[in-house]
Each structure stands twice: as structure tokens, then as C-alpha cells.
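Participant: Structure here, sequence nowhere to be found:
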């Protein structure tokens with residue numbers, strides 16, 4: 001779905017409209033699997049939250065995992081070190097919760113190949129603690145290729161809490177719950193009743209819908225009006241926008257927008273927007289991790305855009321060549337902000 005704001009001359013394209021991420025090739029599969037071995041070798045416990053069943057050999061673009069707090073505190077440095085070891089680069093770290101970090105990695109020799117390592121320590125939604133890291137990592141199970149997954153009971157508990165938090169359809173939660181072995185369901189029932197005072201009743205879709213509503217009600221009761229971690233995250237996001245302004249110049253805005261969107265949406269940036277010239281009101285888009293294209297470099301307002309949030313195509317520069325240069329700029333910006341060892345051209 002494309003949204004066009006005709007009155008302002010600004011066009012917004014959501015990530016849902018971007019081309020689908022290509023199937024994860026063999027090198028990306030190895031990059032994902034070996035990352036978890038890398039963490040274990042560093043003495044850091046981690047566990048894949050879901051999607052491990054096929055060994056990441058399907059259409060994979062991002063991997064959700066939990067990591068112990070000591071590891072999460074240095075997640076950017078860990079991912080950056082691993083990327084350098086494997087010939088990749090860390091291009092973005094998007095912090096959507098105080099205890100979560102969406103780390104976007106891109107292959108140095110092929111910028112069309114990207115993977116997001118989506119880390120959390122505690123599992124939180126909107127500042128509410130749903131499961132702490134120790135609970136998530138308890139009794140984790142070793143996978144054939146060397147990483148770990150959640151214990152069966154822990155995974156089902158996590159999936160039910162996530163279904164409630166993200167307002168999933170009751171039918172999907174019912175099917176997932178009923179597909180698990182009876183002893184796993186019984187253990188999870190006991191955990192949910194003890195911590196959240198909810199029950200799946202007779203296991204029907206109607207009973208599951210009530211349980212999910214009750215969980216959301218419990219989450220709201222625990223939500224704090226003053227969450228210092230969340231306030232700090234929002235302030236940091238405003239002071240250090242994760243979007244990027246691309247000045248195309250000339251009459252090639254449409255061509256550049258298509259090439260860049262294919263390369264960078266929806267992992268590096270959430271949305272794309274474009275207009276003839278930059279306006280101060282578009283700052284909000286940079287804060288919301290939007291890839292903003294403008295054709296005119298003459299707007300006096302451009303000087304107000306932070307240097308690390310601005311990318312100008314050279315005269316006659318091919319868009320595909322510019323993709324590689326922007327990926328490198330993103331890496332340098334990310335390493336500088338995260339205080340890791342930024343690499344120079």
C-alpha cells in the first residue's frame with residue numbers, strides 16, 4: 001500500500017510495499033548459524049526465540065534471539081566484531097525497546113545480502129517486562145548446528161505472551177497452543193496462571209481470545225507512567241535519527257528511489273518517502289527510520305540536516321554504485337554512535 005500526501009508534495013511508501021527480501025542464500029545461513037557459535041565461544045549465553053526448525057534455510061531476513069544481560073550491554077560491539085571476522089558490516093542498530101536491539105548486517109561484497117540480528121535480553125513490550133532473560137534462557141536446548149533454542153515450555157509461554165502483546169488473532173494462538181504436547185501445555189498453563197492469573201480454559205478459540213484479552217489487561221496494569229529507560233531511548237532516537245536523506249539531483253529521483261528501496265527496505269529503513277525538496281517538517285521521518293529522497297539539492301534547509309543523516313549522489317554516479325557507498329556510510333555512522341571500532345574508507 002502506497003500512501004501519497006498530495007498537499008505537502010511528500011510521498012510515503014511503507015515497508016510493506018517494498019520488494020520482498022530475497023531468499024537467504026547459503027552464505028547468509030552460515031552467517032546466522034555461526035554467529036551463535038561465536039557468542040558461545042565468547043562465553044555468552046544466547047538462544048533463538050523461534051524460526052529454528054529448518055535451520056534458517058528458508059526465506060530469512062531477521063532472527064529473533066535472547067541474550068544474557070552482560071552480552072546485551074555490548075551487543076553492538078559483539079555484532080560488529082563478528083561482522084568484521086566474516087566480511088560483513090554492521091549498518092544499523094535500531095533500539096525499539098530499552099532491552100532490545102535490531103542489528104542490521106550487510107555483506108561487504110554484496111550489499112543486496114543483509115540479515116538483521118534482533119536481540120533482546122529481557123522480553124519487554126511498551127516498557128512492560130513479560131519475561132526476564134534468565135527465564136528465557138533456562139533449560140535451553142542445543143541445536144544440531146551448534147546454537148541453542150528455547151526449552152519447549154519456555155517457547156510456548158513466550159509465544160502466548162507475544163500473541164497477546166501484538167494482538168494476534170486468537171485462532172492462530174489456539175492452533176499453536178493445541179499443537180504442543182499435553183505436558184508442555186500443562187506446564188505453560190501453570191506458569192501463566194501463577195504470574196498473570198489467566199487461563200486458556202477449555203482450549204477453544206473463544207477461551208483463548210479471553211486469555212489473550214486478560215493478558216493485555218494485566219500488561220496495562222503493569223505499565224509505568226514514568227519509564228526512565230524508555231524516556232532515554234526516545235531522547236536518543238530524537239538526537240540521533242536513524243533515517244537517511246538522499247539527495248539525488250537532476251531528474252533521476254524515481255530510478256534512485258527504486259534501486260535504494262530494493263537494497264535497504266525493510267531492514268535498514270522502515271519506510272521510504274520522496275519529495276522535490278527538503279522541508280523541516282520531514283525531520284520526523286528521519287527520526288522514524290525513513291529513507292527520504294529529494295531531487296533538489298538547493299533547499300537552504302538542508303544545512304540543518306545532520307551530516308551523518310545526509311547522502312548526496314555524485315554527478316553521473318550510478319545508483320548501484322551509490323548503494324555500496326551508502327552502506328559504508330551507514331556502517332561508519334553506526335560504529336561511531338555505538339562507540340565500536342569504525343572502519344575507514
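Facilitator: Yep, it's here. Keep in mind it's a predicted model, so treat the numbers as computed, not measured. Residues are numbered from 1 along each chain as shown.
Participant: Do me a favour and get the backbone dihedrals for the residue of the chain most remote from its centre.
Facilitator: Distance from the centre of the chain peaks at residue 202, with 35.6 Å (C-alpha atoms, centre = their mean). Per-residue torsions, residue 202: phi -90, psi 0 (degrees, to the nearest 10).
Participant: and it, how far is that from residue 107?
Facilitator: 50 Å (C-beta to C-beta, to the nearest Å). Heads up, the C-betas are built off the backbone N, CA and C, glycines and all.
Participant: cool, residue 34 as well?
Facilitator: 14 Å.
Participant: counting contacts, what elements does the helix or strand hosting residue 36 pack onto?
Facilitator: Per DSSP states H and E: residue 36 is located in helix 26-41. Other helices and strands packing on helix 26-41, by 3 or more C-beta pairs under 8 Å, 6 or more residues apart in numbering; DSSP states H and E, are strand 46-48, strand 62-67, helix 75-86, strand 100-107, strand 110-120.
Participant: Highest mean neighbour count out of these?
Facilitator: Using mean count of other C-beta atoms under 10 Å, the stretch among those with the largest mean neighbour count is strand 46-48, at a mean of 25.
Participant: Report the mean per-residue pLDDT for that one.
Facilitator: Average pLDDT, strand 46-48: 97.
Participant: again with stretch 184-196
Facilitator: Stretch 184-196 carries an average pLDDT of 98.
Participant: what's the distance between that stretch and the middle of its chain?
Facilitator: Here the centre of stretch 184-196 is set off from its chain's centre by 29 Å, with C-alpha atoms, centre = their mean, to the nearest Å.
Participant: again with stretch 264-275
Facilitator: Centre-to-centre, stretch 264-275 and its host chain are 13 Å apart (C-alpha atoms, centre = their mean).
Participant: wait, residue 245 sits on residue 310?
Facilitator: Yes: the pair residue 245 and residue 310 qualifies as a contact (C-beta atoms under 8 Å) at a distance of 4.9 Å.
Participant: Could you name every residue contacting both of the two?
Facilitator: Residues touching both residue 245 and residue 310 (C-beta atoms under 8 Å, 6 or more residues apart in numbering): residue 302.
Participant: Tell me where the stretch 151-300 of the chain has helices.
Facilitator: 152-165, 170-178, 182-196, 205-222, 228-239, 253-264, 283-287 (DSSP state H, counting those that start in this stretch).
Participant: a markdown table please, covering the helices and strands packed on helix 26-41 and showing distance to residue 272.
Facilitator: Shown next, in a markdown table, are the helices and strands packed on helix 26-41 (distance: least, C-beta to C-beta, whole Å):
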| stretch | distance to residue 272 |
| --- | --- |
| strand 46-48 | 30 |
| strand 62-67 | 18 |
| helix 75-86 | 25 |
| strand 100-107 | 16 |
| strand 110-120 | 16 |
